[in-house]
Each structure stands twice: as structure tokens, then as C-alpha cells.
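**Student:** Return atomic coordinates for the entry below.
(one chain, ligands or ions: 1)
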Amino acid sequence: QRQPPVLAVTDLTVRYGKVHALTVPELKVAPGAIVTVIGANGAGKSTMLNAIMGSLPRNGRASGSVRYQNDQIEHWGVEHRVAQGLALVPEKRELFGSMSVEDNLLLGGFRRYRAGERQWRDSMDEVFTLFPRLKERRQQMAGTLSGGERQMLAVGRALMSKPSVLMLDEPSLGLAPRIVREIFHIIAGLRATGVATLLVEQNARAALQVADYGYVLEAGAVSLEGPAHELRDNPAVIESYLGLG
Ligand code: ATP
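**Tutor:** All right, here's what the predicted structure looks like:
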């Protein structure tokens with residue numbers, strides 16, 4: 001992480017009502033890097049992404065510093081964050097089930113579409129290059145896609161806004177091992193597009209395999225951080241998150 005970070009979080013805390021949910025002293029994402037945050041159920045992973053995106057539930061309150069490129073963005077609304085290049089694929093993929101694959105992508109890129117059909121087509125072609133499966137199914141209703149295809153569509157839709165930082169909330173959730181491998185292969189391939197990825201995962205093995213750098217979140221606090229290959233060899237990580245084999 002030598003270059004100045006594209007995203008830097010400092011002293012971020014989140015509360016839900018009176019309940020303290022998260023403390024992150026520092027988290028940085030270098031341009032084009034893949035950074036992962038691993039942790040068990042309820043560790044605060046979704047809370048962290050929603051705080052960065054400005055999309056916490058109504059009872060959630062964040063404080064601290066979120067710096068994106070050269071701006072302090074903690075007071076920006078979600079729409080503005082999206083317009084400036086932050087994108088989040090939420091855990092519940094939130095697709096429009098009764099609309100086609102193509103129309104779901106179109107909605108992800110509507111800002112670009114307004115800028116001219118040409119750019120929109122170019123973005124869509126890039127997404128179809130990353131996900132040939134979506135191209136084959138462009139007219140199919142999103143609600144009839146398989147779990148893996150739906151995840152691809154959710155990532156593709158987020159990419160339509162041409163983000164500089166893509167945040168993924170447990171992309172492997174509920175998917176069969178073969179599909180998980182496919183999704184992680186695609187995440188690794190995102191590196192070539194220049195987008196930085198902040199990947200939140202319970203599947204620590206797969207996440208640490210693909211990431212450059214990692215953070216371990218336990219009960220709302222960062223307990224460990226380091227280059228992903230070091231975390232993979234760390235006995236505490238192996239025992240708690242990687243199991244045997
Ligand atoms: P999971 O993998 O199960 O989604 P997570 O690591 O993403 O877990 P969060 O969803 O961020 O964890 O939840 C962190 C903690 O905050 C949990 O104890 C959860 O119950 C609590 N929490 C989350 N959302 C709210 C809310 N709107 N109001 C009150 N508490 C909440």
C-alpha cells in the first residue's frame with residue numbers, strides 16, 4: 001500500500017441507538033488494490049461498508065473521518081458518493097427481478113446513459129466482457145437467474161457507474177463452491193480494470209487468496225491486519241477462520 005490511498009477511514013465508529021457496533025481506527029485502500037475485511041457473523045462487516053457508503057439504517061450513526069481521493073466525504077449523501085465513484089453491492093443483491101438483465105444494467109449506468117448512449121453501450125460491453133454469461137442472458141428476467149448469475153449481475157450493475165472503489169458485501173454468500181471460485185476469479189480479474197475493491201467476507205480462505213491486504217474484524221473491532229499472505233500464515237487466523245486443511 002505505497003501509493004496514497006483512494007479510500008482512507010480513520011477513527012470510524014458506528015452506533016445503533018445506544019448500542020456501540022463498530023470501531024475502526026484506520027483502514028486504507030490503495031488505488032487498484034483488493035483489500036478484504038474478514039470476520040464472523042455479526043462482527044460489523046456490513047455496518048462498516050454501509051458507513052463508508054453513507055447508507056446506514058435509520059437508527060445507525062457514524063462518526064469519524066472517511067476520506068475518498070482528495071475529499072472528506074462523511075457528510076456527503078449516498079447519491080453524491082455514487083456519482084463520485086463509490087459503489088456498493090449489498091448483501092441482499094437488490095436487483096429488479098421482473099426486469100431484464102440489460103435493464104438492470106441500464107439502471108446502474110443511468111448517469112452515463114444521460115451522458116450519451118455511446119458511453120452507456122461501452123460500459124455495457126465492458127461488463128459483458130467480464131461476464132459473458134450475462135451477455136447470453138441479456139433479455140432474461142433477473143428474478144429467474146441462478147444465484148451465481150444474480151451475483152454477477154449485481155457486480156456488473158455496480159460497475160456500470162464506473163466506480164473507483166467497488167465495495168462487495170459477502171459476494172460468496174449462499175453460493176455453491178464452484179460458483180464461489182468463479183466469482184473470486186472475476187474479482188481477481190477486476191484488478192486489470194483499475195478499480196479498487198473492498199471485499200467483506202466470511203469466506204476468509206477465498207478472500208485472503210485474492211486480496212493484497214486484509215483486516216480481521218471481531219465483535220466490532222479490528223483485531224489484526226496485514227498483507228493477505230501474512231494473514232494466511234498467521235496461526236490465530238488459521239485457527240479461527242481457516243480451520244483445518
Ligand atoms: P453478517 O455477516 O451476519 O451480516 P456483519 O459482520 O455484516 O454480519 P453487521 O450486520 O454489520 O455484521 O452487524 C453488526 C452488529 O450490529 C450486530 O450485532 C447486529 O445485530 C447489529 N446491527 C446491525 N444493524 C442494526 C440495526 N439497524 N439496529 C441495531 N443493531 C444492528
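
**Student:** Can you give me the neighbour number for E225?
**Tutor:** As a burial measure, E225 scores 18 neighbours (other Cβ atoms under 10 Å). For glycine as for every other residue, the C-beta is placed from the backbone atoms N, C-alpha and C.

**Student:** With adjacent residues omitted, what lies nearest to it?
**Tutor:** Computed as Cβ to Cβ, 6 or more residues apart in numbering, the closest residue to E225 that is not its neighbour in sequence is Y215, at 4.6 Å.

**Student:** partners of the one you found in the sheet?
**Tutor:** For Y215, the beta-bridge partners under DSSP bridges are V37, E225.

**Student:** what about it, neighbour count?
**Tutor:** For Y215, the neighbour count with other Cβ under 10 Å is 24.

**Student:** ok, now K162?
**Tutor:** Using other Cβ under 10 Å, the number of residues around K162 comes to 18.

**Student:** Can you classify it as helix, strand or coil?
**Tutor:** coil (DSSP: H, G, I helix; E, B strand; the rest coil).

**Student:** Pretty sure it sits against E126.
**Tutor:** No: if you go by Cβ atoms under 8 Å, K162 and E126 don't touch, sitting 9.1 Å apart.

**Student:** List the residues that contact the residue nearest to E225.
**Tutor:** Shown here is Y215, whose contacts under the criterion Cβ atoms under 8 Å, 6 or more residues apart in numbering are 27, 35-38, 222, 224-225.

**Student:** before we move on, back to that, now for K162 and E126: what residues contact both?
**Tutor:** None of the residues lies in contact with both K162 and E126 under the rule Cβ under 8 Å, 6+ apart.

**Student:** if we can go back for a sec, which ones, among the contacts of Y215, also lie beside the ligand?
**Tutor:** Checking the contacts of Y215 against the ligand by Cβ under 6 Å from any ligand atom, not one of them is in range.

**Student:** For the ligand, state which of the residues you listed is nearest.
**Tutor:** Within the contacts of Y215, the smallest distance to the ligand is 8.7 Å, found for V37 (Cβ to the nearest ligand atom).

**Student:** on that earlier part again, using CSV, lay out the contacts of Y215 together with pLDDT and distance to L175.
**Tutor:** Supplementary listing: the contacts of Y215 in CSV, determined by pLDDT from 0 to 100; distance: Cβ to Cβ, whole Å:
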residue, pLDDT, distance to L175
L27, 97, 26
V35, 98, 21
T36, 98, 17
V37, 97, 19
I38, 95, 17
V222, 94, 27
L224, 95, 26
E225, 96, 27
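
**Student:** so where's this protein uncertain?
**Tutor:** In the predicted model, the chain carries pLDDT under 70 at residues 1-2, 111-115, 244-245.

**Student:** Can you show me the helices along it?
**Tutor:** For the chain, the helices identified by DSSP state H occupy 45-53, 78-83, 101-108, 110-114, 117-130, 132-136, 147-159, 177-190, 204-210, 228-233, 235-237, in order along the chain.
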